[in-house]
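Participant: here are the coordinates; sequence isn't available:
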């Protein structure tokens, strides 16, 4: 998939106006999940924006320009549960088709030989446009390719200066799919990382901007930071324009990594 460098992570967003505002500012990738319990909120924001009630010219509004992504939770992954869950999600989001449907985690009712073909049948039916995976390890990714006969459309994984998997990025490069980085701001902890702060001071910007730019510099990574205020939405979107030097990226790469924020 071709995804913009910065999309909107929506975990914890409970106001449709924040989603509509993001779209008005230029966001074109909305990421949610069934477990977030806010698909209707995201769908409401999308509907508001499409209706022309969020500040941008109506002529610039096209549903097909927006990637709407959601995820099946671990109790939605049995073959006979996939279709009903996906249809419920599409209805809550108010869309005819889900642009990207992820397996949220390869746990619970997940069986690659049953779950992945069940999602793929939804592609054939037109309800889903792309099959993605999330929080997978290398063996899971390889099995996905074996079962589907192609790479996933995207792999979503936690990625920030305190936690990332270089081997996952290499796999994505080798097989030609994007990595969607969630929690690129490390839950706000990027302000505590000396290397990030030093780069931010050198560029006269914020640690948050540097963290997003650092992630975006790692081909083939795109990011989905969460934000709800207009100031933060603007700042995160603009972070893609910041170019870091190779030495700056290397300095942040060298930060001692810690445990992931969202383990199994």
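Facilitator: In hand now; what should we look at? Please read all numbers here as calculations on a predicted model, not as lab measurements.
Participant: strands of the chain, start to end?
Facilitator: For the chain, the strands defined by DSSP state E occupy 8-9, 29-31, 67-72, 100-103, 131-134, 155-158, 179-182, 221-223.
Participant: what about the residue nearest to residue 239 when sequence neighbours are not counted, distance to residue 206?
Facilitator: Leaving aside its chain neighbours, residue 239 sits nearest to residue 212 (3.7 Å; criterion: Cβ to Cβ, 6 or more residues apart in numbering). Quick note: C-beta positions are derived from backbone N, CA and C, even for glycine. From residue 212 over to residue 206 the distance is 10 Å, taken as Cβ to Cβ, to the nearest Å.
Participant: and these two? which has more neighbours close in?
Facilitator: Per other Cβ atoms under 10 Å, whichever of residue 212 and residue 206 has more neighbours is residue 212, with 27 against 18.
Participant: residues contacting the more buried one?
Facilitator: Applying Cβ atoms under 8 Å, 6 or more residues apart in numbering, one finds that residue 212 lies in contact with 6, 184-185, 223, 225, 236, 239-240, 242.
Participant: hmm, 6 Å instead?
Facilitator: 184, 223, 239 (Cβ atoms under 6 Å, 6 or more residues apart in numbering).
Participant: from residue 103, how far off is it?
Facilitator: 26 Å.
Participant: for residue 122, same thing?
Facilitator: 12 Å.
Participant: and these two? Which one has more around it.
Facilitator: The neighbour count for residue 122 versus residue 103, taken as other Cβ under 10 Å, is higher for residue 103 (28 against 20).
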